[in-house]
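Asks: next one to model:
(one chain, ligands or ions: 1)
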Amino acid sequence: MVILDRLPTKDRLVRFGLAIDNVCGLCASSSESRDHLFVECCFAKEVWDIVLTSCGVCYTLTNWEDLFNWLIANLKDKSLRIRILRLAWTGMLYSVWEERNHRLFRRSSRSVDALVNSIKLVVRVKLSRYGKPRIDDVNRQLCLNWVLDDTEELSNDNGAGLIEYIEVVRLDRVRLHLHLHLEVEVY
Ligand SMILES: [Zn+2]
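Replies: Numbers count the residues shown, from 1 in each chain. Sure thing, here's the model as predicted:
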């Protein structure tokens, strides 16, 4: 939905004729669109900066189009770095949209660090299904940055809890999906 620009961002709701403000739900200082919310917003930029730095990637964010094309061109191999980046990208899209909705509808907010930590947790849980990565200098640094040291412990000793956690994340996505539809109707 994000990639196809079908989320009910405020610019789209205004285009549908709804009488609402068009202010970004995260920074409140720019108009809200997909491109702004997920790339150009100062909040999203800070999250991206930490995610990219933690992946050891040097990339200057410009706009949605460039980022999308760059990700498509660079997310092909099966290295640990790319696996993390792929998971972090989807985690970032989900978390930023969730954060925007919490701020708008629940009057609660998280810091950039808290959001990044939630992305790291999801990346860590999902990667644990692949077992322990081959350890070289690059992967060792990635494990440190993404707190993957106890991946084995997660996959072996805490299997039931892990499956439960993944189910909760899935349920949360369904809830978010329903929530979005309700929000549109409420407007
Ligand atoms: Zn913003």
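Asks: next, the residue nearest the centre of the chain: phi, psi?
Replies: Nearest to the mean C-alpha position of the chain, counting by C-alpha atoms, centre = their mean, stands residue 92 at 1.2 Å. Backbone torsions of residue 92, given as degrees, to the nearest 10, read phi -70, psi -50.
Asks: what's near enough to touch it?
Replies: 38, 44, 47-48, 51, 119 (C-beta atoms under 8 Å, 6 or more residues apart in numbering). (C-beta placed from N, C-alpha, C; glycine too.)
Asks: can I get these in CSV with neighbour count, secondary structure and pLDDT?
Replies: Below are the contacts of residue 92 laid out as CSV (neighbours: other C-beta atoms under 10 Å; DSSP: H, G, I helix; E, B strand; the rest coil; pLDDT from 0 to 100):
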residue, neighbour count, secondary structure, pLDDT
38, 26, helix, 93
44, 25, helix, 95
47, 23, helix, 95
48, 21, helix, 94
51, 23, helix, 95
119, 24, helix, 94
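Asks: which among the residues you listed gets closest to the ion?
Replies: residue 44 (7.1 Å; C-beta to the ion).
Asks: those residues of this protein touching the ion, which are they?
Replies: Neighbours of the ion within the chain, by C-beta under 5 Å from the ion: 24, 26-27, 30, 41.
Asks: farthest pair within those residues?
Replies: Of all pairs drawn from the residues of the chain next to the ion, the greatest distance, 9.2 Å, lies between 26 and 30 (C-beta to C-beta).
Asks: what is in contact with these two at once?
Replies: Counting by C-beta under 8 Å, 6+ apart, the residues touching both residue 26 and residue 30 are residue 41.
Asks: settle it for me: which of those two has more neighbours?
Replies: residue 26 (23 against 15; other C-beta atoms under 10 Å).
Asks: the more buried one falls within a strand, correct?
Replies: No. Counting by DSSP: H, G, I helix; E, B strand; the rest coil, residue 26 is not found in a strand; it is coil.
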